[in-house]
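[1] Sequence first, then the predicted structure, then my questions.
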Amino acid sequence: MAALLDPPLLRRLEGLALQVRRSVSGQMGGERRSNARGRSVEFADFRSYSPGDDFRLIDWNAYARLDRFMLRLFVAEQELPLSIFVDLSGSMDWGRPNKAATARRLAGAIAYVALAALDRVRLTVFAAGPTSGGAPYRGRRAVAELFSRLQSFPAGGPTDYARLVWPIARQRPGMTVLISDGLGDSPIEPAIAALGSARQEGAVLQLLAPQELAPDWNGDARLRDAETEVEREFTLTPATRAAYVGALARRTQEIERAAHRRGLRFACLSTDQPIEDMVFQALRRLGLLR
Amino acid sequence: MTFLAPAAAFFALTLPAIVALYFLRIRRPTRVVPALNLWPDQVRDRQANVPWQRLRFSWLLLLQLLAAAVLVAAAMQPVLSAGTSLARHSVVLLDVSASMQARDVQPTRLDEAKKEVGAIIDQLGPQDRMTLVAVGPVPRIVASVVGDRDALHRALDELGASNGSADLSSALTLAAGLVRPGDDARGYLFSDGIVGPIRTDTSSSLPFPVEYHPIGVSGENIGLTSLVVRTSAQSRAAYLHVQNFGQQARTFSLEWRADGKLVDVRQLTLASGVAQDLALPVPSGATVVSAHIDAGDVFSLDDTVTAVARAPSTFRVLLVTPGNVFLQQALALRADLQLDVVAPADYKSSAPYAMSIFDRFSPPGLAPGLPPTLPNGPFISIDPPPGSPLAGGAAIGVGRVRATDAGDPLLTNVDLNDVHIARSQDLRNDTFGRVLITSLQTPLVLVRDEPFRQVVFGFDLHESDLPLRIAFPILVQNLSEWILPPSVPSHSFHPDEPVTIVPETGATSVTVVRPDGSRRALAGGAVATFGETDLTGLYTVEQTVAGGTNRSWFTVNLFSDQVSQLKPADRITLPPYNNAVAVNAVHRGQLEIWPWIALGALGLVVLEWLAFHRGL
């Protein structure tokens, strides 16, 4: 736990909260407004009594005035189901600072914010396929286990975003954060489309290393794909460098457009950015945290 | 086309080496990238990916091969055959005289000539040598048998025009001395043809042929060719000679100044070839007068002339004689001499005189009883009496009188044909000095320069008909001006002409201030020859006498009709070429083009660099 995030950072994270645009419906009570009616101090509505209703909720003053049994309804406060999908494929195990390590820390920080607010967190790491991070975590007591699980998964292998579609689609409406570099042979768009279909409110966070944003070498090389290990001869010249940078920029734009089309937030983050800046500046600016 | 360094073709091996590099497999470091599909599939197969694969076309390879080929071509130093016929030893005679300052060709004739000489230098081959002679008043060798073209260009660039005339005879003699028998030599004369006449001693033959390259196109010039100041009993006036040497009539203004102040301005119009003499007023008290014309012609050196207007200072001259009217009258012709005539009995040696003339008299000894002593200064002694240190042997009869050297300047215009002398002292054993006038029997007149300029006549003038001849006043004038040159010369000097300066009695320092303000100190107390008269204008001689400064002046002007006429000569009669002395195997000049080829190679390298960065 200490290796993933520092205690001072954790203390600062307790001051943050996930920001949702619409009400949520969880399984257990929490601190979030829910669409359901339940127990809380916030009055919502009246409705007629039906047999089987909790007669403790009958408004006796209304009965005195109207001679009918009316039930006082209150807004239910429920937990926020948060799903975090972390890409730990071979392309993420690259760069200085390492993209996978940064993704773990970023996921840990967002999960900590949720757990501190009694929200339920489900962790899924994926590469060639999704791997469950275990049962949903709830409460601060689960932080240590979540962090431990987050660090236990090794990075490597090819990325298959198509295999994320089913795990995403079967989720209850809630919030989902997808942390990935968006690279790989398979396109990420089906996974983003699945997020939209599953009525998930959330964000797609693209993580890139500074060395892939601006290659720091020149000349001839034999390029090897980090995921497929396919190799190819190449010569980096100003012309080919510009072509690569352009292709990467187009890929980023495609992911951003796909996310926005599904009503999701999008941010492209560089791993040379401190985790504090990512959380307290980038994600707050994005509206994911408040 | 020939190559100066054909061995450099060895470097052509770099071409197959470049191609071989494209054949050889290069070693590429492996780099892991997150997503290979983002990297463009533009593996430039400039170099082989497998050993000895088939060579593919590449612009880069083509440019590299071209650049290497051009560089090899430049290293071989190709030369083209140029138009000039060159010998192994080229002797260039470059006229740097005053007329080469003319601007009828831009910027000047000298610059045009230097440009043509520079073109010949550029055509010199590696085995060729060049000698560069500047033909001025005193010819000088500025580069002697040099093959280094840079050194020749530097020597050429440093040459400037003088204000003097061109002594081509001396230059040819100088150049001929540099060519050894059997040398393959050729001369090139770059001149406007306005040179002094070829002297007889030069015209025998030259060991090499000389090509004359005329410089200049026009003789349009108006020049001031004479300015003299005459003093009469009533007034002083200056006489100026101005002439239009060109082919067109011209109207111009003449400014007349005295001591720098404008006295008169006149508008003059002169037809082609017409000269005009002007009498101009000289204000009393004026030291220097000058005339300047603004003719807008191509030659400015003769547009300004200067003359000294101040009357010359006088010399005190002592004549000790029992009576000699001829001598008195001859000496009185010179206006700057103040003559004191005393009888031998009245002679006192204490009075300072610039010159003493002892006629049949010898100064007595310093004390009674001592032998007579000679005065410590310039003198003329005529028929020294017995007992004098100058006295010769017993008188002998004299026959025909003649000059020892007819060209002696002291005998200029002195005709001795009708001169007869009855008898003279026998001066044959006299060691006084050199003989000026002699006879079959004995020397008659002796002169010497050291310790002072002194003259001895061995005969009594009354025993000769010399005083009755026109030669006598001329001889006296020549001798007196030799002993006592006028402190202010009455005539102008030409540029680079030496000026004899006689210090005044008691002068401790003598300094000459040139027209440009520079000062030259001369050795005081002795007659000095001042040679730095290359600038035209007014020279001031400052002498320190008894704590004060006495000033005198002389002027230097072009005053040369030959130069001012300025028209370049189409041909010059040069001494014949003695082909028995030197071989004449000319070859064509060589024009090196490798710098341009190297420039092209540089362009190709830049192009290759651009192509590399464009990813071609």
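    In hand now; what should we look at?
[2] Ignoring the adjacent residues along the chain, who's closest to the residue in the stretch 401-550 of chain B that chain A sits nearest to?
    Closest residue of the stretch 401-550 of chain B to chain A, Cβ to the nearest Cβ: residue B:516 (63.1 Å). In short, each C-beta sits where N, CA and C put it, glycine included. Among residues not flanking residue B:516 along the chain, residue B:535 sits closest, at 6.0 Å (Cβ to Cβ, 6 or more residues apart in numbering or on different chains).
[3] Distance of the residue in the stretch 151-300 of chain B that chain A sits nearest to relative to residue B:130?
    Of all residues in the stretch 151-300 of chain B, residue B:153 sits closest to chain A, at 44.4 Å by Cβ to the nearest Cβ. As for residue B:153, its distance to residue B:130 is 11 Å (criterion: Cβ to Cβ, to the nearest Å).
[4] Identify the contacts common to the two.
    Shared contacts of residue B:153 and residue B:130, defined by Cβ atoms under 8 Å, 6 or more residues apart in numbering or on different chains, comprise residue B:121.
[5] Which one of those two is surrounded by more residues?
    Comparing residue B:153 with residue B:130 by other Cβ atoms under 10 Å in any protein chain shown, the one with more neighbours is residue B:130, at 27 against 16.
[6] correct me, but that one touches residue B:88?
    No: look at residue B:130 against residue B:88 with Cβ atoms under 8 Å: they stay out of range, at 10.0 Å.
[7] Could you confirm the residue nearest to residue B:516 falls within a strand?
    No: Residue B:535 is assigned coil when assessed by DSSP: H, G, I helix; E, B strand; the rest coil, not a strand.
[8] Number of residues surrounding it?
    Using other Cβ under 10 Å, residue B:535 has 16 neighbouring residues.
[9] OK, contacts around residue B:453?
    Per Cβ under 8 Å, 6+ apart, neighbours of residue B:453: B:378, B:447, B:482, B:483, B:527.
[10] same thing but at 7 Å, please
    B:378, B:482, B:483 (Cβ atoms under 7 Å, 6 or more residues apart in numbering or on different chains).
[11] where does the closest residue to the residue of the stretch 151-300 of chain B closest to chain A other than its chain neighbours land in three-state SS?
    Once flanking residues are discounted, residue B:153 sits nearest to residue B:121: 6.0 Å by Cβ to Cβ, 6+ apart. When classified by three-state DSSP, residue B:121 comes out as helix.
[12] and what of the one 5 residues further on?
    Three-state assignment for residue B:126 (three-state DSSP): coil.
[13] and the closest residue to residue A:99 other than its chain neighbours, how far is that from residue B:255?
    Spatially, and ignoring its direct neighbours in sequence, residue A:99 is nearest to residue A:92 (4.5 Å; Cβ to Cβ, 6+ apart). Distance of residue A:92 to residue B:255, given as Cβ to Cβ: 98 Å.
[14] who has more neighbours, these two?
    residue A:92 (31 against 15).
[15] Name all residues that make contact with residue A:288.
    A:18, A:19, A:203, A:265.
[16] can you pull out the strands in the stretch 351-500 of chain B?
    B:355-359, B:379-382, B:393-397, B:401-403, B:423-426, B:434-439, B:443-448, B:454-457, B:499-501 (DSSP state E, counting those that start in this stretch).
[17] just checking, what packs against the fourth one?
    Counting contacts by 3 or more Cβ pairs under 7 Å, 6 or more residues apart in numbering or on different chains; DSSP states H and E, strand B:401-403 packs against strand B:434-439.
[18] Give the pairing partners of the strand it packs on; include direction for each.
    Sheet pairing of strand B:434-439 (DSSP bridges) gives strand B:401-403 (antiparallel), strand B:443-448 (antiparallel).
[19] Tell me the buried residues in the first one?
    Using 16 or more other Cβ atoms under 10 Å in any protein chain shown as the burial criterion, the residues of strand B:401-403 that qualify are B:401, B:403.
[20] what does that strand contact?
    The contact list for strand B:401-403, computed with Cβ under 7 Å, 6+ apart, reads B:411, B:416, B:419, B:420, B:421, B:437, B:438, B:439, B:444.
[21] let's see it at 10 Å
    Strand B:401-403 has contacts (Cβ atoms under 10 Å, 6 or more residues apart in numbering or on different chains) with B:410-411, B:414-421, B:424, B:435-440, B:444-445, B:459, B:464-466, B:471.
[22] Could you report the pLDDT at residue B:254?
    At residue B:254, the pLDDT value in this model is 94.
[23] May I have the beta-bridge partners of it?
    Beta-bridge partners, per DSSP bridges, of residue B:254: residue B:266, residue B:293.
[24] Am I right that it is in contact with residue B:267?
    Yes: under the criterion of Cβ atoms under 10 Å, residue B:254 makes contact with residue B:267 at 7.8 Å.
[25] Between those two, which has more neighbouring residues?
    Taking neighbours as other Cβ under 10 Å, residue B:254 and residue B:267 compare with residue B:254 leading, 20 against 8.
[26] before we move on, could you check phi and psi at the closest residue to residue B:206 other than its chain neighbours?
    Among residues not flanking residue B:206 along the chain, residue B:575 sits closest, at 5.0 Å (Cβ to Cβ, 6+ apart). Dihedral pair for residue B:575: phi -60, psi 150, per degrees, to the nearest 10.
[27] And for the residue of the stretch 301-450 of chain B found nearest chain A, the neighbour number?
    Minimum separation of the stretch 301-450 of chain B from chain A (Cβ to the nearest Cβ) falls at residue B:301, amounting to 65.0 Å. Residue B:301 has 20 neighbouring residues, counting by other Cβ under 10 Å.
[28] part of a helix, is it?
    No: Residue B:301 is assigned coil when assessed by three-state DSSP, not a helix.
[29] thought it was touching residue B:165?
    No: using Cβ under 10 Å, residue B:301 is not in contact with residue B:165, being 11.6 Å away.
[30] Residues in contact with both of these two, list them for me.
    Common neighbours of residue B:301 and residue B:165 (Cβ under 10 Å, 6+ apart) are B:98, B:99, B:495, B:558, B:560, B:563.
[31] measure the fifth one to chain A for me?
    Distance of residue B:560 to chain A, computed by Cβ to the nearest Cβ, to the nearest Å: 72 Å.
[32] mind listing what that residue touches?
    Taking Cβ under 10 Å, 6+ apart as the test, what residue B:560 contacts is B:97, B:98, B:99, B:164, B:165, B:194, B:223, B:225, B:301, B:302, B:494, B:495.
[33] go on, the second one?
    The contact partners of residue B:99, by Cβ under 10 Å, 6+ apart, come to B:109-110, B:161, B:165-166, B:191-195, B:215-216, B:219, B:221, B:299, B:301-302, B:558, B:560, B:562-568.
[34] Quick one: neighbours of the closest residue to residue B:168 other than its chain neighbours, just the number.
    In space, and not counting its chain neighbours, residue B:168 is closest to residue B:195: 4.0 Å by Cβ to Cβ, 6+ apart. Residue B:195 has 22 neighbours, counted by other Cβ under 10 Å.
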